[in-house]
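Novice: Quick one, what's the 3D model for this:
(one chain, ligands or ions: 1)
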Amino acid sequence: MNQEKIGQNEQIPNFSGIEEAKIEDLDAITALNHKLCIKENREFDATIDPDYPTSQRGKEGFKEEIENLDSLTLVAKAGDKVIGYLMGGHAEVEDYRTVKNIYEIGSMWVDDKYRGKGIGTKLMDRFEDWARERGATRLKVIASAQNEGAINLYRKRGFENYDLVLEKDLVQDTKDSV
Ligand SMILES: CC(C)(COP(=O)(O)OP(=O)(O)OC[C@H]1O[C@@H](n2cnc3c(N)ncnc32)[C@H](O)[C@@H]1OP(=O)(O)O)[C@@H](O)C(=O)NCCC(=O)NCCS
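Specialist: Down below sits the predicted model:
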């Protein structure tokens, strides 16, 4: 069995490493992003369409990301199986900001039984190295406010609060606001 040592005592059974995604990985990435959207919809944000990833537009979006030279899609593999991914790339920056070269992590997922073993960290390391090589001066990521696991990982890597987005549901809230 292929094993990679990551810490003093930790091993990831069958982990075969992180690599750049190929178009053949499209279905596997779509399936993992589908799991992510289902989780986000159930646990954090009911406005997320859990089936968007498997829609025509969703699939086309992932294909474009894999092929886009301003984006990086990474897959983590156990044997031949894709058990995690990270997708991100160059971000649009508002004209009024002085920082121009911002790169954004769009989404990431590591399958349950592989979590807590450093794979998310490895995916982020690779993305950060790639962004630095391309001249990035800043990284960003948007997380659901209640997604404590992911937010812990980002904070551990030096990400700090930036914007706070507030939304109000006008369908549920029938009370007049003052
Ligand atoms: C977020 C995620 C990708 C992290 O992957 P991972 O391989 O488990 O990450 P790591 O093992 O590298 O964890 C690194 C650090 O992140 C933090 N962390 C990760 N998951 C955590 C959790 N569920 N709760 C609390 N802290 C967590 C910890 O500080 C951890 O360090 P430690 O193990 O030394 O305590 C994974 O938990 C996941 O797929 N979650 C569901 C999808 C998701 O939320 N994606 C991000 C939104 S797009």
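Novice: Ramachandran coordinates for the nearest residue to E67 once chain neighbours are set aside?
Specialist: Nearest non-adjacent residue to E67, counting by Cβ to Cβ, 6 or more residues apart in numbering: I23, 7.3 Å away. Just so you know, the C-beta spots here come from the backbone N, C-alpha and C atoms, and that holds for glycine as well. Phi and psi for I23, reported as degrees, to the nearest 10, are phi -60, psi -30.
Novice: same check, this time on S71
Specialist: Main-chain torsions, S71, degrees, to the nearest 10: phi -120, psi 160.
Novice: Likewise for A150?
Specialist: Note on A150: its backbone torsions stand at phi -70, psi -40 [degrees, to the nearest 10].
Novice: on that earlier part again, now do the residue nearest to E67: how many residues are near it, please.
Specialist: 10 (other Cβ atoms under 10 Å).
Novice: Ok, H90 next?
Specialist: Neighbourhood size, H90 [other Cβ under 10 Å]: 18.
Novice: just R155 next, same as before
Specialist: Neighbour count for R155, taken as other Cβ under 10 Å: 12.
Novice: so what's the residue nearest to E67 up against?
Specialist: Applying Cβ atoms under 8 Å, 6 or more residues apart in numbering to I23 gives the contacts K63, I66, E67.
Novice: Counting neighbours, which of those comes out on top?
Specialist: Each of the contacts of I23 was scored for neighbours by other Cβ under 10 Å, and I66 scores highest at 20 neighbours.
Novice: do the host helix or strand of that one and the ligand meet at all?
Specialist: Element membership of I66, judged by DSSP states H and E, is helix 56-67. No. Applying Cβ under 6 Å from any ligand atom, one finds helix 56-67 separated from the ligand by no less than 13.7 Å.
Novice: what mean pLDDT does that helix have?
Specialist: Per-residue pLDDT values over helix 56-67 give a mean of 96.
Novice: same for it, what does it pack against?
Specialist: Packing partners of helix 56-67 (3 or more Cβ pairs under 8 Å, 6 or more residues apart in numbering; DSSP states H and E): helix 26-39, strand 71-78, strand 81-90.
Novice: what's the spacing between it and its chain's center?
Specialist: 15 Å (Cα atoms, centre = their mean, to the nearest Å).
Novice: buried ones in that helix?
Specialist: G58, K59, G61, F62, E65, I66 (16 or more other Cβ atoms under 10 Å).
Novice: Between the residues you listed, which sits nearest K140?
Specialist: Nearest to K140 out of the buried residues of helix 56-67 is E65 (Cβ to Cβ; 16.4 Å).
Novice: From I29, how far out is the nearest residue to the closest one once chain neighbours are set aside?
Specialist: Of all residues not flanking E65 in the chain, S71 sits nearest, at 4.9 Å (Cβ to Cβ, 6+ apart). Counting by Cβ to Cβ, to the nearest Å, the gap from S71 to I29 is 12 Å.
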